[in-house]
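> The following block contains a protein sequence and its predicted model.
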Amino acid sequence: MSEERSGNIGDAQRRGLVGDEALPDEPAAEPAALGDEVSSLRMILTLGAAGALAGLLIVMVFNATLPAIEAHRAEAVRLAVTEVLQQPARYEALSVTEAGLVELPREDVQPANAVLVYVGFDEGGRATGVAVTAAEAGFQDIVGLIYGFDPQSGTLLGMKVLESKETPGLGDKIQKDARFVAQFAGARPPLEAVKRPKGEEGEIDSITGATISSRAVVRIINNSLERLRPRIEAHFQEVVR
Amino acid sequence: MSELVWIFLSALVVNNFTLALFLGLCPFMGVSSRVETALRMGAANIFVLVVTSLSVSFLNAFVLVKAPYLRIIAFIVVIASLVQVVETVIKKVSPVLFRELGIYLPLITTNCAILGLAIFQTNRGYGFFEGLAFAVGAGLGLTLALVLMASIREETELADVPSIARGMGLVLIIAGSLSLGFMGFAGLLSSS
Amino acid sequence: MRQTTPQQDLLRGLWRENPVLIQMLGLCPALAVTNNVENSLAMGLATFFVLCGSSLLVSLCKRWIPGEIRISVYILIIATFVTVADLCLAALLPDIHKALGAFIALIVVNCMILGRQEAFASRRPVGRALLDAVGTGAGFTLALVMLGGTREVLGSGSFLNVPLFGPSYEPWVVMILPPGGFLTLGVLLLGLAWWEERRRERVKAGGVPAGADMEPSPALGMSLSERASSRGDAA
């Protein structure tokens, strides 16, 4: 066992920064002015110039990639919303506030008591359902999902998990098990996760081996609906586009 | 369960920075051969994590709303300067503490746990207090992992292990077993 | 002190001084994202891009960077390339970008990249710096794909998302979870150490012909002096 491998952070750092072999410095290519006094002004100028160049490059790349990144984001939202609202003719992003379902100037900046939802419309401009995103703790970490709700019939239209780190092969079935996901369409909240469904409304047959993850999905939808349902139901009829 | 307690416990055990997210592996592999050094490294980490979390909250609230694409550069520059400032201040205020932490502080700049904290805090939209709970949980989690590792390594050094296992291989296998153990905490925070 | 040839600069990082397997640098991404081949490859190539870009720029600008602030300038350069890589991945491969998440930004603190700047790019001509970056970056990608391949085959029963064993295979889920990362690298390092020990015994027994030191060998568990002396023995 050599000293080098004994794993001292100093060694790791030295190995990293100075390299394994002593590199002979080529006189012509030595870092500028190592021995000489360097004025503070020059250092500030160098750092400033480097910072300015870096900023310039990043802004250029940002502007060049922005359309594609925005398009991907919009496409991801479109796929999720059309899935959980069962293919509406079109949809719009509205905010649920005290005053009802209103359009706010910026989707990404929501006031404290407002929640962004997606309202789906049929061909005639009649609202068919509301898609809501929600997130809470699952088995491993936060589970984020979107669900569609139809206030007129009081049933769910669909559910899609957007984000989860649940155990692959077990907990991630809340995302991949088509039978589990399909149960949410037509279920009448408040939901209940059960092991042997008796055929009652609102029952969700939980996945064997992923009981906690299944319950988490049910809890997330219940909690979110409990908060938003009164406001959505009160104002849903008014929305016609 | 309160949001802050959840964030704290999640960072401490369920999503432990070192054993579940692989952040801060350099000190985990390097400074974990003695329990005492592990404790000091942990303390230095907690300190820098908390200060970083405070500055990240500030940056996110006032500076980066206008230029989110400068995030990575802003974070790394702030972390590097912070470590420098903290080092100077500790040196002036408490030379004893400086001797205790001194050599570990500069190494923390390139510790991915610090930048990791800054980025996770931003991605999850944590505010001031949430960020603080996250930083303390993450720091204590790092310390916990470091101390566990160090106490096991103190034992294996006395044990008669095969010559090929005296390097990092064995350390990684031990880390794997610890990580496996920490997986048992999953589900702890799902209150239903 | 010894001069290196261009071939050595290029090939050194690939295996003999592989950043992950031998130098144990950049372990955080090497373990965090290698739960399948696709992510490993993407992370490897993103790091490769950042390393080559930074080495090129640092080597080009080394005359104008004052020694006192060189680390800050290197970090600034690296962070710029990482941001560029992050934005490009988000625009071109959004799924992979989402899977890698925060770990793309964490390329900044990969000690391997800063290490190559300080140890090599800042004191060598542009061509050599680039060769070294290509070799080291390729070595890093190779190590990541080795880890990712092992973990995906055992943990999901597939390679590059192509199922290998049919439906009857029960995957070792633990391999794609965090413990699998530690265990895979641990077993790999034990294997390399075993191989190295056997090689050293053969050298001691005099069974290795001259010139065998040119074959890439991981010098795991050997100090520099030991490595140098074993080379001397063989020659």
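Perfect, I can see it now. The model shown is predicted, which means the values in this text are computed figures rather than measured ones.

> Pull the number of nearby residues for the residue nearest to B:Ile173 when sequence neighbours are not counted.
Nearest residue to B:Ile173, sequence neighbours excluded (CB to CB, 6 or more residues apart in numbering or on different chains): C:Gly186, at 3.9 Å. Backbone N, C-alpha and C define where each C-beta goes, glycine included. Using other CB atoms under 10 Å in any protein chain shown, C:Gly186 has 21 other residues around it.

> Any part of stretch A:155-162 near chain B?
No - Stretch A:155-162 is not in contact with chain B by CB under 8 Å from any CB of the partner chain; minimum separation 14.1 Å.

> Report the contact partners of C:Val145.
With contact set as CB atoms under 8 Å, 6 or more residues apart in numbering or on different chains, C:Val145 has these partners: C:37, C:40-41, C:44.

> Pull the contacting residues for the residue nearest to B:Ile173.
Here C:Gly186 is in contact with B:168-173, B:175-176 (CB under 8 Å, 6+ apart).

> For the chain, just list every one of the helices.
Just so you know, I chose chain A. Ranges of helices within chain A are A:9-18, A:40-84, A:173-176, A:178-182, A:211-235, based on DSSP state H.

> that's the wrong chain, I wanted chain C
In chain C, the segments counted as helices under DSSP H are C:6-12, C:27-32, C:37-61, C:70-92, C:94-100, C:111-116, C:126-156, C:178-204, C:224-234.

> Run through who's touching the first one.
Contacts of helix C:6-12 from elsewhere in the structure, counted by CB under 8 Å, 6+ apart, are C:4, C:127-128, C:131-132, C:134-136, C:216.

> Of those residues, which is the most crowded?
Going by other CB under 10 Å, C:Thr136 tops the contacts of helix C:6-12 with 31 neighbours.

> Helices - which of the contacts of C:Gly186 land there?
In helices, defined here by DSSP H, the members of the contacts of C:Gly186 are B:168-173, B:175-176.

> Now the element after the lowest-mean-pLDDT helix or strand in chain B, going C-ward?
Within chain B, no helix or strand scores below helix B:104-108, which has a mean of 72 by mean pLDDT, DSSP states H and E. Following helix B:104-108 in sequence order, the next helix or strand is helix B:112-123 (DSSP states H and E).

> Where do the strands of chain B begin and end?
Under the criterion DSSP state E, chain B contains no strands.

> quick revisit: so which pair among the contacts of C:Val145 is furthest apart in space?
Across the contacts of C:Val145, the longest distance by CB to CB is 10.1 Å; it joins C:Val37 and C:Gly44.

> A:Asp177 is nearest to which of the helices of chain C?
Relative to A:Asp177, the nearest member of the helices of chain C by CB to CB is helix C:126-156, separated by 16.5 Å.

> For the residue of chain C most remote from its centre, give its distance to A:Asp177.
Residue farthest from the centre of chain C, counting by CA atoms, centre = their mean, is C:Ser168 at 34.9 Å. According to CB to CB, to the nearest Å, C:Ser168 stands 20 Å off from A:Asp177.

> Kindly report the same for B:Ile108.
According to CB to CB, B:Ile108 stands 43 Å off from A:Asp177.

> Looking at the two, which has the bigger crowd around it?
Neighbour totals were compared for B:Ile108 and A:Asp177, and B:Ile108 leads with 26 against 14 (other CB under 10 Å).
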